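> Sequence and computational prediction follow.
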Amino acid sequence: SSGFGKAFARTLASCTGELVLVARNKEALQQLAAELEEKHPGLRAAALPCDLADESALDNLAGRLLELPAAKTLLINNAGAGDYGEFSEGSWDRIRTLLRLNVESLTRLCHALIPVMKRNGGDIINLSSLGALLPIPDFAVYAATKAYVSSLSEALRLELREHGIRVMAVCPGPVSTGFGKAARRPGFTGNMMPGRNAFDTSVETVVKDSLRALARGRARVFPGMKIRLAAMLLAAAQYLAQHRACTTDGITWSEAEAAHARPHYRRVEVADLETADLHTLLAGQRYDRIVCADVLEHLRQPERILD
């Protein structure tokens with residue numbers, strides 16, 4: 001009903017006989033559907049209001065999509081949310097909603113429609129982000145969800161290639177939509193991304209570059225010349241960081257890891273684990289409480305914990 005979804009709908013309305021529009025804002029969705037049907041005679045634009053962060057609503061949506069007549073389908077997962085600020089200070093309800101919207105809803109709709117696409121044909125566009133390329137402090141969960149989207153998209157692309165189904169991740173940089181405003185926490189008045197104006201890309205550029213890249217069978221696209229350049233620089237920086245390594249007590253570390261680890265850790269041979277002193281392994285650190293999540297198998301066999 002806004003942002004990328006609205007732009008994709010308007011661009012693709014002349015290329016299909018049916019558009020299925022999904023968003024939470026029912027009124028805006030219905031207005032867009034009516035506008036597109038009026039502008040493109042013969043087009044059927046169905047408005048399906050749905051809160052994609054609500055699990056039961058998402059299940060109902062998947063069911064309704066599966067009831068549609070068989071057809072070659074293009075699925076565009078462009079819904080997304082952000083949460084700017086220090087991770088530990090964020091609201092868990094907000095973080096959980098972000099995870100459900102950015103990860104679960106996208107995965108659920110792919111899982112629901114891919115079997116149909118195998119029978120009838122289709123393609124998938126998943127909206128990722130330039131932020132998928134690196135961890136972003138104060139945007140930690142958002143960047144992590146987009147790394148998931150890019151990874152899932154590339155894996156599905158390889159799985160579905162033999163079926164002729166193209167799957168592509170779109171990785172835009174800063175774009176002037178309502179995303180930034182929605183990502184701000186209450187009371188925040190600062191600048192979330194200093195210098196972002198230098199990399200701003202229009203919504204229209206993102207949509208056109210995405211559709212052009214899909215037609216060319218690309219796995220991933222960075223819309224706009226400045227964002228493509230930024231992606232190349234980030235990839236080069238990551239490569240250099242991973243390969244500029246130094247050795248500490250026989251272990252190869254990245255430079256940053258070595259600077260942190262040098263005073264604390266020594267090399268432990270595998271044979272040492274049989275008789276190792278826990279305090280030695282932990283470099284003398286003392287914890288008042290240790291939480292081991294999901295290690296039930298190890299807890300049943302305490303002797304395997306050191307393994």
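Nice, thanks for sending it over. Numbers count the residues shown, from 1 in each chain.
> I'd like to know how far Asp54 sits from Asp209.
According to CB to CB, to the nearest Å, Asp54 stands 32 Å off from Asp209. For every residue, glycine as well, the C-beta is placed using N, CA and C.
> swap in Asn102?
Distance from Asn102 to Asp209, by CB to CB: 21 Å.
> Tell me who's in contact with Val20.
Contact partners of Val20, counting by CB atoms under 8 Å, 6 or more residues apart in numbering, are Ala46, Leu48, Leu65, Leu68.
> Got phi/psi on the third one?
Backbone torsions for Leu65, taken as degrees, to the nearest 10, come to phi -70, psi -40.
> Number of residues surrounding it?
Neighbour count of Leu65, defined by other CB atoms under 10 Å: 17.
> now the last one
Using other CB under 10 Å as the criterion, Leu68 is surrounded by 13 other residues.
> how close does it get to Leu156?
From Leu68 across to Leu156, the span is 21 Å (CB to CB).
> now swap in Phe8 and tell me
Phe8 is 19 Å from Leu156, where distance means CB to CB.
> do the same with Gly122
Taking CB to CB, one finds Gly122 at 12 Å from Leu156.
> try Glu86
Distance of Glu86 to Leu156, given as CB to CB: 33 Å.
> same thing with Pro41?
Taking CB to CB as the measure, Pro41 falls 35 Å from Leu156.
> neighbour-wise, which of these two wins?
Remark: of Pro41 and Leu156, Leu156 carries more neighbours, 21 against 6, as counted by other CB under 10 Å.
> doesn't Leu113 make contact with that one?
No. The criterion here is CB atoms under 8 Å, and Leu156 misses it with Leu113 at 11.4 Å.
> In contact with the most centrally placed residue in the chain, which residues?
Compute the mean C-alpha point of the chain, and by CA atoms, centre = their mean the closest residue is Lys146, 2.1 Å away. By CB under 8 Å, 6+ apart, the residues touching Lys146 are Asn102, Ser128, Ser129, Gly131, Ala132, Cys171.
> My guess is the third one contacts Cys171. True?
Yes. Judged on CB under 8 Å, Ser129 makes contact with Cys171 at a distance of 5.7 Å.
> still on that earlier bit, of Asn102 and Asp209, who's got more company?
The residue with more neighbours, out of Asn102 and Asp209, is Asn102; 27 against 21, by other CB under 10 Å.
> Could you report the neighbour count for the closest residue in space to that one that isn't next to it in sequence?
Nearest non-adjacent residue to Asn102, counting by CB to CB, 6 or more residues apart in numbering: Thr145, 3.8 Å away. If you count neighbours by other CB under 10 Å, Thr145 ends up with 23.
> what helix or strand does Thr145 sit in?
helix 140-160 (DSSP states H and E).
> what does Ala112 give?
helix 105-120.
> Provide the strand pairings for the following helix or strand past that helix, with the direction of each partner.
Later in the chain than helix 105-120, the nearest helix or strand by DSSP H and E is strand 122-127. Partners of strand 122-127 in the sheet, by DSSP bridges, are strand 73-77 (parallel), strand 166-170 (parallel).
> looking at the ones you listed, which is closest to Met117?
Among these, the nearest to Met117 by CB to CB is strand 73-77 (6.1 Å).
> who's in contact with the very next helix or strand once past the closest one?
Downstream of strand 73-77, the next assigned helix or strand under DSSP H and E is helix 92-99. With contact meaning CB under 8 Å, 6+ apart, helix 92-99 is reached by Ala53, Ala81, Gly82, Asp83, Val141, Tyr142, Thr145, Arg185.
> nearest to Ser14, of those?
Once CB to CB is applied, the member of the contacts of helix 92-99 that ends up nearest Ser14 is Ala81, at 29.7 Å.
> What segments of this structure are strands?
Taking DSSP state E to define them, one finds strands in the chain at 18-23, 44-49, 73-77, 122-127, 166-170, 220-221, 245-248, 251-254.
> Dump those into TSV; add mean pLDDT as well.
What follows is the strands of the chain, written out as TSV (pLDDT from 0 to 100):
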stretch	mean pLDDT
strand 18-23	96
strand 44-49	96
strand 73-77	97
strand 122-127	98
strand 166-170	97
strand 220-221	92
strand 245-248	46
strand 251-254	52
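> Mean neighbour count, those strands: which tops it?
For those, the largest average neighbour count (mean count of other CB atoms under 10 Å) is found in strand 166-170, namely a mean of 25.
> Contacts for the helix holding Ala112 next, please.
With contacts defined as CB under 8 Å, 6+ apart, helix 105-120 is touched by 52-53, 58-59, 61-62, 65-66, 70-73, 75, 77, 79, 122-124, 126, 149, 152, 156, 160, 163, 165.
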